[in-house]
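>>> No letters, just coordinates:
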């Protein structure tokens, strides 16, 4: 498994951190969606929507597990997609905090979400840069 990540345990650990974070989010969406809806003030009627939107992350987690045990060669799109997701989440978070978008709605911004977006951006940039010889073939 380590050789799959360029022989570096650091890249494997970074990949696992990201994968575990996404798996935790998937768990919340699948098994405790009321926690998510109450944390963000959506109300119980939003459970189906939260599950629908969250379901887009589940295949991402499954593909990550597959890549971890097989090979990451040529899988640049997986890492670029993760980077783009994190950039979008951070941008939306910051734009709502500044009142530029969705200021007419009661958007709940949590510091932990901002920090996680930044962490995922950094992880994806490190992985894309450090594993480019395996990803971009």
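Thanks, I have the structure now. Computed from a predicted model, the values in this text were never measured in an experiment. Residues are numbered from 1 along each chain as shown.

>>> So for this structure, which residue is the most central one in space?
Against the mean C-alpha coordinate of the chain, by CA atoms, centre = their mean, the closest residue is residue 22 at 5.2 Å.

>>> contacting residues around the closest residue to that one other than its chain neighbours?
The shortest distance from residue 22 to any non-neighbouring residue, by CB to CB, 6 or more residues apart in numbering, is to residue 61 (5.0 Å). In this view, the C-beta of every residue, glycine as well, is placed from N, C-alpha and C. For residue 61, the contact set (CB atoms under 8 Å, 6 or more residues apart in numbering) comprises 19, 22-23, 26.

>>> Moving C-terminal from the host helix or strand of residue 61, which element do we reach first?
For residue 61, the host element (DSSP states H and E) is helix 57-69. Using DSSP H and E, the helix or strand that directly follows helix 57-69 along the chain is helix 76-97.

>>> Buried residues of that following helix, list them for me.
Neighbour-count burial for helix 76-97, with 16 or more other CB atoms under 10 Å as criterion, is recorded at 76, 78-79, 82-83, 85-86, 89-90, 92-93, 96.

>>> about what we covered before: measure how the helix holding residue 61 sits relative to helix 76-97, angle-wise.
Interaxial angle, helix 57-69 versus helix 76-97 (axes from the mean of the first three to the mean of the last three CA atoms, to 10 degrees): 140 degrees.

>>> Run the chain-centre distance for helix 57-69.
12 Å (CA atoms, centre = their mean, to the nearest Å).

>>> and that helix, which residues are buried?
Across helix 57-69, burial judged by 16+ other CB under 10 Å covers 57-58, 60-61, 64, 67-68.

>>> next one: stretch 27-41
Of the residues in stretch 27-41, 28-29, 33, 36-37, 40 count as buried by neighbour count, 16+ other CB under 10 Å.

>>> so which of the residues you listed comes closest to residue 136?
For the buried residues of stretch 27-41, the closest approach to residue 136 (CB to CB) belongs to residue 29, at 31.5 Å.

>>> what's downstream of the host helix or strand of the closest one, the next helix or strand?
Counting by DSSP H and E, the element that carries residue 29 is helix 9-31. Going down the chain from helix 9-31, the next helix or strand is helix 33-39, by DSSP H and E.
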